[in-house]
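Chemist: test case, fold it:
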Amino acid sequence: MKRVLVTGATGFVGSHCIPVLAGEGYEVHAVSSKRRANASGDRVSWHQCDLMNDGEVESLFAAVQPTHLLHMAWYAVPQRFWNAVENVDWLRTTLAIVRSFAAHGGTRVVAAGSCAEYDWSSGGVCRETSTRTQPATLYGACKLAAYLATDAYCRQIGISSAWGRIFFMYGPGEDRQRFVASIITSLMEGLPARCSDGSQVRDMLHVQDVARAFVALLGSDVRSAVNIGSGTSPRLADVARAIAAKMGRPDLLQLGALAPRPNDPPSVVAETRRLNEEVHWSPGMSLDAGLEQAIAWWQSRPKQQSNRETDEAHH
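Modeler: From the prediction side, this is the model:
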């Protein structure tokens, strides 16, 4: 049986990967920094581990002996993660995790990267094979360094690895400060949804599709960097208008109320040829259906739960 260890298993993407992996027949071992009880009848075994502690990581891999590793954990506190010094810690930790995985017989590792590894200054479509990688943030630089070292190390010791570069996500479990969630929650509360003019073009993919893409990548033999995106290019203004229309509150949408962020690229879109043709995966949810699902999820949450910030790093 394929035995997979998932780091970041309670985070935004990792939590959606768990049921998909179980459904694909993996023996799933999930890592959390906090103790979690194994639910009766659940096909997931939970493990408490401080991933920054090399001794605990070594003990974890020795106990589980996973054949596959899905590494989703990283520092991702909203707004702060772009230039947080913790990115350097997660670069070191990622390499230690991969090394321990390999030392205990692991054969296939897939880790979460980011579109922030690319040079955004030229705008347009990001291609794994030809777009320059020149990150503008410490987050992007550390993700890129982790990819380059992981890829080289795995090739040298003869194990299989791939790196999923995530573009822009939304959906259940999203932090309130992120774009889609901030609009939905503002409109739910009858407050103005204040945005920039929304002229930016962004590749957006529902988090459940992101999770499915990672599980498909894990189960493939595709190596190196693979863009995890939709390959479509909506303007943020159109996304915001669609949310406001679905919620019946276009009057509260205030496009242009905020100044654009400095150095905000006009367009960031994934080329998804490798994902579509080599991994043989494509999105199962349209943007329209995904926004409806996200709205329904937020509207179903108790108010105090909607206001609670997630307590673990997510992408």
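Chemist: which stretches of the stretch 201-315 of the chain form strands?
Modeler: All strands of the stretch 201-315 of the chain, identified by DSSP state E, counting those that start in this stretch, fall at 201-202, 204-206, 224-228, 253-254, 267-270.
Chemist: packing partners for the third one?
Modeler: In other words, strand 224-228. Packing partners of strand 224-228 (3 or more C-beta pairs under 8 Å, 6 or more residues apart in numbering; DSSP states H and E): helix 138-157, strand 160-166, helix 207-219. Yep, even glycine has a C-beta here, placed from its N, CA and C like the rest.
Chemist: next structured bit after the second one?
Modeler: Taking DSSP states H and E as the definition, the helix or strand that follows strand 160-166 towards the C-terminus is strand 168-170.
Chemist: quick revisit: closest to residue 90 out of the strands of the stretch 201-315 of the chain?
Modeler: Minimum separation from residue 90 across these (C-beta to C-beta) falls at strand 224-228, 18.0 Å.
Chemist: all helices of the stretch 201-315 of the chain, in order?
Modeler: Ranges of helices in the stretch 201-315 of the chain, per DSSP state H, counting those that start in this stretch, are 207-219, 236-246, 273, 287-300, 303-306.
Chemist: which ones are touching residue 197?
Modeler: Listed by C-beta atoms under 8 Å, 6 or more residues apart in numbering, the contact partners of residue 197 are 237, 255, 256, 260.
Chemist: buried subset of these?
Modeler: 237, 255 (16 or more other C-beta atoms under 10 Å).
Chemist: need the contacts of residue 197 in CSV (columns: pLDDT and distance to residue 81).
Modeler: Shown next, in CSV, are the contacts of residue 197 (pLDDT from 0 to 100; distance: C-beta to C-beta, whole Å):
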residue, pLDDT, distance to residue 81
237, 98, 25
255, 97, 26
256, 96, 27
260, 87, 20
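Chemist: returning to what we had before: mind checking the helices and strands packed on strand 224-228 for the one nearest to residue 11?
Modeler: When the helices and strands packed on strand 224-228 are ranked by proximity to residue 11 (C-beta to C-beta), helix 207-219 comes first, at 10.3 Å.
Chemist: quick one: distance of that closest one to the chain centre.
Modeler: Per C-alpha atoms, centre = their mean, to the nearest Å, the displacement of helix 207-219 from the mean C-alpha position of its chain is 10 Å.
Chemist: do the same with stretch 247-255
Modeler: Here the centre of stretch 247-255 is set off from its chain's centre by 28 Å, with C-alpha atoms, centre = their mean.
Chemist: please apply the same query to stretch 157-165.
Modeler: Counting by C-alpha atoms, centre = their mean, stretch 157-165 comes out at 17 Å from the chain centroid.
Chemist: then stretch 277-287?
Modeler: Its chain's C-alpha centre lies 16 Å from the corresponding centre of stretch 277-287 when counted by C-alpha atoms, centre = their mean.
Chemist: contact partners of that stretch?
Modeler: Here stretch 277-287 makes contact (C-beta under 8 Å, 6+ apart) with 204-206, 208-209, 212-213, 216-217, 220, 222, 226, 230, 232, 234, 239, 242, 272, 275-276, 293.
Chemist: lowest-pLDDT helix or strand in the protein?
Modeler: helix 303-306 (a mean of 53; mean pLDDT, DSSP states H and E).
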